[in-house]
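Asker: Have a look at this fold, sequence not included:
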């Protein structure tokens, strides 16, 4: 019985270290916070400026999401993430790698693959699969995408050669690659 209790206690300790996550984060900056920036937050993050890996509702002035993160990130100024699934709403939204979901703000920027929807004044995606709705929309390339706005750019599209599956590298009002 003593061996069984020792094994169970060891498993519980290892499990709690491996699953180091917390239900809430409060932070003034990433260095002045309840938990350090490497702790995963699974619940709610309230921040002046916060930065954690997370599956959470993040509310603040600047929200940073490290690693593979998900949830809803709403801030007054900036949302930034390594890779994110969910919703980012702020004046500026930035995903360093891939983004799946909806970015809504003045400027939306996904350096890698965007699968979903960008709505803003200026939208940028490295690889677009989805919809960009804004005044200026730019996608380095598009797998399947539609751009609606004043200026729409997909440089990898040839000029009117692939109709109806693709339109052109640059168009006013609408551009696509299907």
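Answerer: Cool, got the structure. Note that the coordinates shown come from a computational prediction; the quantities given were computed from them, not determined experimentally.
Asker: My reading is that residue 158 lies in a strand. Confirm?
Answerer: No: counting by DSSP: H, G, I helix; E, B strand; the rest coil, residue 158 is not found in a strand; it is coil.
Asker: Pull the contacting residues for it.
Answerer: For residue 158, the contact set (C-beta atoms under 8 Å, 6 or more residues apart in numbering) comprises 166, 168-169. In short, each C-beta sits where N, CA and C put it, glycine included.
Asker: Following the chain past the strand ranked longest in the chain, name the next helix or strand.
Answerer: Taking DSSP state E as the criterion, the chain has its longest strand at strand 107-153. Where DSSP states H and E defines the elements, the next helix or strand beyond strand 107-153 is strand 170-177.
Asker: Could you name the helices and strands sitting against that next one?
Answerer: Packing contacts for strand 170-177, counted by 3 or more C-beta pairs under 8 Å, 6 or more residues apart in numbering; DSSP states H and E, involve strand 107-153.
Asker: how big is the angle separating the strand it packs on from strand 170-177?
Answerer: 100 degrees (axes from the mean of the first three to the mean of the last three C-alpha atoms, to 10 degrees).
Asker: and strand 107-153, what other elements does it pack with?
Answerer: Using 3+ C-beta pairs under 8 Å, 6+ apart, strand 107-153 is in contact with strand 92-95, strand 99-104, strand 170-177.
Asker: Next, the angle strand 99-104 makes with that strand.
Answerer: In terms of direction (the same axes, to 10 degrees), strand 107-153 departs from strand 99-104 by 90 degrees.
Asker: oh, and call the first residue 647 from now on, that's how I've got it
Answerer: Noted, 647 is the first residue going forward, which turns the last one into strand 753-799.
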